[in-house]
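*Asks:* Below are the sequence and a predicted model for it; my questions follow.
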Amino acid sequence: MRILISGVCGFVGGTLARALGAAGHQVAGFDNFIRPGSETNREELKRLGVKLFHADLRAASDLDALPPADWVIDAAANPSVLAGVDGRTSSRQLVEHNLGGTVNVLEYCKHHRAGFILLSTSRVYSIPALAELPMGVRNNAFAPVAEASARGLAPGGITEEFPTGAPISLYGATKLASEVLALEYGETFGLPVFVNRCGVLAGAGQFGRPDQGIFAYWINSWLQRRPLRYLGFGGHGYQVRDCLHPRDLIPVLTRQMAAPKVGPGDRLANFSGGAASARSLRQLSDWCSTHLGPHEVGVDGTPRPFDIPWIVLDHAKATRLWNWQPAISTEAILTEIADHARCHTRWLETSAPL
């Protein structure tokens, strides 16, 4: 199978490229190398036989020069929910990258008759709908109260039926629009298309920033005894996210590429570590204290734009459709990040300089 990966030198793209290459696929990828840290993956991927191209998915002519592929996995995005409003990236740049880039990749797929797999995000779900869920606190973590009821809320978390109405942030909007365009291109031009909505992806080598890569950021900062703060929600650190290693996507990507003929309603699903993987910042701090030693965390109750107290994706649909389950535990993910942090003591300066 000839596979082309966008954002191949990022954390997710690089992880998938290594695993798919090891599985015997012919893997190529492209990257514009604008994210700090992406250069760290270039030489290793070349050594592993991944063919790399310098290309910017915002430039259609760059993609025109790429070789044909059977499948494209879109792992390139500005993944920050604060993008466009944080002073680092303009809103136009965000839309051009996350949405305009998707259009260019889809045009590439149309030209080469390639299948397309979009790695989307849990942040397509409505912020007000999430914020309105009644929450309690259990074991230093937010959780919906037992009597909580809402469309798309299941015991295992948020299902694909949960509302996606605005506001969802500019980032979430670009990903949701990309989902719709991808599915429309698939139906219009007869291309196999899948949309995989992922929970928080985490693992060793992730580029850590407070607004993205929170597990890597927290562990690296804790190990280096950098200042950390619980932001918003009373400053307790009870806000919760689930956790998924990108390597856990390999089995489903392989099945999707091998069996693209499915119904339209089966082309979109959540993929996450689920409730078993969910951790609050306070629980993550407890893990760090046990494994990395004590460190004081400050308190700042000032809310951040677009922040939410709890989001855990239910992956029951993916399990039903693809016989898929996450295999790498949160404990293993956190340990992997900590081991990498010990070996790369300046990782935050490399991957996410201020």
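*Replies:* All right, it came through fine.

*Asks:* who's in contact with the host helix or strand of residue 110?
*Replies:* Following DSSP states H and E, the helix or strand that holds residue 110 is helix 101-112. For helix 101-112, contacts defined as Cβ atoms under 8 Å, 6 or more residues apart in numbering pick out 6, 57-60, 63-64, 66, 68-69, 72, 74, 76-77, 114-116, 118, 178, 181-182, 185, 189, 191. Heads up, the C-betas are built off the backbone N, CA and C, glycines and all.

*Asks:* Distance of residue 276 relative to residue 288?
*Replies:* Computed as Cβ to Cβ, to the nearest Å, the residue 276 to residue 288 distance reads 20 Å.

*Asks:* Compare these two (neighbour count), which wins?
*Replies:* Per other Cβ atoms under 10 Å, whichever of residue 276 and residue 288 has more neighbours is residue 288, with 21 against 14.

*Asks:* need the contact list for the residue nearest to that one when sequence neighbours are not counted.
*Replies:* Residue nearest to residue 288 in three dimensions, not counting chain neighbours: residue 222, with 4.3 Å by Cβ to Cβ, 6 or more residues apart in numbering. By Cβ under 8 Å, 6+ apart, residue 222 lies in contact with 228, 285, 288, 292, 295.

*Asks:* ok, then the element right after the helix or strand hosting residue 222?
*Replies:* Applying DSSP H and E as the criterion places residue 222 in helix 214-223. Downstream of helix 214-223, the first helix or strand assigned by DSSP H and E is strand 229-231.

*Asks:* Show me what that following strand is packed up against.
*Replies:* The contact analysis (3 or more Cβ pairs under 8 Å, 6 or more residues apart in numbering; DSSP states H and E) places strand 229-231 against strand 298-300.

*Asks:* if you set the cut-off to 10 Å instead, what comes out?
*Replies:* Judged by 3 or more Cβ pairs under 10 Å, 6 or more residues apart in numbering; DSSP states H and E, strand 229-231 is in contact with helix 281-292, strand 298-300.

*Asks:* Quick one: these as TSV, columns for mean pLDDT and distance to residue 31 too.
*Replies:* Listed next are the helices and strands packed on strand 229-231 as TSV, based on pLDDT from 0 to 100; distance: least, Cβ to Cβ, whole Å:
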stretch	mean pLDDT	distance to residue 31
helix 281-292	98	30
strand 298-300	95	35
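
*Asks:* Let's have these in a markdown table, adding distance to residue 235.
*Replies:* Shown next, in a markdown table, are the helices and strands packed on strand 229-231 (distance: least, Cβ to Cβ, whole Å):
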| stretch | distance to residue 235 |
| --- | --- |
| helix 281-292 | 10 |
| strand 298-300 | 4 |
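
*Asks:* okay, those, which one's buried deepest?
*Replies:* helix 281-292 (a mean of 17; mean count of other Cβ atoms under 10 Å).

*Asks:* quick check: angle from it to helix 214-223?
*Replies:* 50 degrees (axes from the mean of the first three to the mean of the last three Cα atoms, to 10 degrees).

*Asks:* Which of the three states applies to residue 177?
*Replies:* Following DSSP: H, G, I helix; E, B strand; the rest coil, residue 177 is assigned to helix.

*Asks:* What's the local residue count around it?
*Replies:* Around residue 177 there are 16 residues (other Cβ under 10 Å).

*Asks:* what sits against residue 273?
*Replies:* 157, 198-202, 241-245, 248, 279, 312-313, 315, 325-330, 333 (Cβ atoms under 10 Å, 6 or more residues apart in numbering).

*Asks:* if we go to 8 Å?
*Replies:* Residues near residue 273 by Cβ under 8 Å, 6+ apart: 199, 242-244, 248, 326, 330.

*Asks:* Please apply the same query to residue 300.
*Replies:* 229-232, 235.

*Asks:* Likewise for residue 4?
*Replies:* Each residue near residue 4 by Cβ under 8 Å, 6+ apart is listed here: 28-30, 66-67, 69, 71-73, 114.

*Asks:* did I read that right, it in a helix?
*Replies:* No - the assignment for residue 4, made by three-state DSSP, is strand rather than a helix.

*Asks:* Need the residue closest to the centroid of the chain.
*Replies:* residue 201 (4.7 Å; Cα atoms, centre = their mean).

*Asks:* how much space is there between residue 33 and residue 276?
*Replies:* Computed as Cβ to Cβ, the residue 33 to residue 276 distance reads 36 Å.

*Asks:* And residue 320, by the same measure?
*Replies:* 18 Å.

*Asks:* what about the helices in the stretch 51-200 of the chain?
*Replies:* Secondary structure of the stretch 51-200 of the chain (DSSP state H, counting those that start in this stretch): helices at 60-64, 91-95, 101-112, 127-131, 169-189.

*Asks:* and those as TSV, adding distance to residue 217 and mean pLDDT?
*Replies:* Shown next, in TSV, are these (distance: least, Cβ to Cβ, whole Å; pLDDT from 0 to 100):
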stretch	distance to residue 217	mean pLDDT
helix 60-64	31	96
helix 91-95	20	92
helix 101-112	25	98
helix 127-131	22	96
helix 169-189	17	97
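
*Asks:* Great, nothing more from me.
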